[in-house]
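*Asks:* test case, fold it:
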Amino acid sequence: DQVYELRVAGLRTEDGEPLRALPPLAVRSSGHAPEIRVASGSLTFEQDASPSFPFATINPGPSDVIYRAVEPGDELRALVSPTPFVRNGGVTEPLAPLASSARPNRWGPGSYAWRGAEGRDSSMAVVAFRPDPSQLPNALQTAFAQSTDLGVTVRANREGLIVWVTKLSDGTSVEGARIT
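*Replies:* The predicted structure is shown next:
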């Protein structure tokens, strides 16, 4: 809880007569409900880009982040259903230490390194941010993240799919790429 002091002075009646000053008022606030703003969906990071999720949060005390590496053979399951994937086997970490300037009534920036930190060396992972697991256990903001130099583009039409692969580093096409 935070307590604020409110001072009211200079009040006048409709006729302009000054009113007696009020004593300071105390207002107690338990803060804003926990909230996190972060990118979600399917995210691709270039190999030399910083593998981290910047985020902003308010009242991060109860919040956490869940990480699960995507092992070979699990790529499609993780991409199609990232929330159930991360819930079943993900590692949980408190969010508050990652956003040290956030308070119950103040937004603060933070960053979560999904790759390169101890125990997080996979080039594909599912990451989920939960504002308050005790109150809203299913309120996850989930992202499938990958670090690669390849970009895959898919277009569907009546005849089927058109798929092409390009290098993210220079935009050139990858000839002979095998799509499975």
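*Asks:* where are the low-confidence patches of this protein?
*Replies:* 1-2 (pLDDT under 70).
*Asks:* repeat that for 80
*Replies:* 1-4, 28-31, 136-137, 179-180 (pLDDT under 80).
*Asks:* ok, which stretches of it are helices?
*Replies:* For the chain, the helices defined by DSSP state H occupy 75-80, 82-87.
*Asks:* now for the last one, which elements pack on it?
*Replies:* Contacting helix 82-87 under the criterion 3 or more Cβ pairs under 8 Å, 6 or more residues apart in numbering; DSSP states H and E are the following elements: strand 64-69, strand 124-130, strand 141-148. C-beta: built from backbone N, CA, C; applies to glycine.
*Asks:* and what of the first one?
*Replies:* Other helices and strands packing on helix 75-80, by 3+ Cβ pairs under 8 Å, 6+ apart, are strand 124-130.
*Asks:* what sits closest to the spatially most central residue of the chain if chain neighbours are left out?
*Replies:* Centroid check for the chain by Cα atoms, centre = their mean gives Val38 as the closest residue, at 3.1 Å. Counting by Cβ to Cβ, 6 or more residues apart in numbering, the nearest residue to Val38 once its immediate chain neighbours are dropped is Phe55, at 3.9 Å.
*Asks:* check Ala69 too.
*Replies:* Ser122 (3.6 Å).
*Asks:* again, but for Arg115
*Replies:* Pro51 (3.5 Å).
*Asks:* ok, now which ones touch that neighbour?
*Replies:* Contact partners of Pro51, counting by Cβ atoms under 8 Å, 6 or more residues apart in numbering, are Phe45, Ala113, Trp114, Arg115, Gly116, Ala145, Ser147.
*Asks:* was I right to think the first one contacts Phe144?
*Replies:* It stands for Phe45. No. Applying Cβ atoms under 8 Å as the test, Phe45 and Phe144 come out as separate, 11.5 Å apart.
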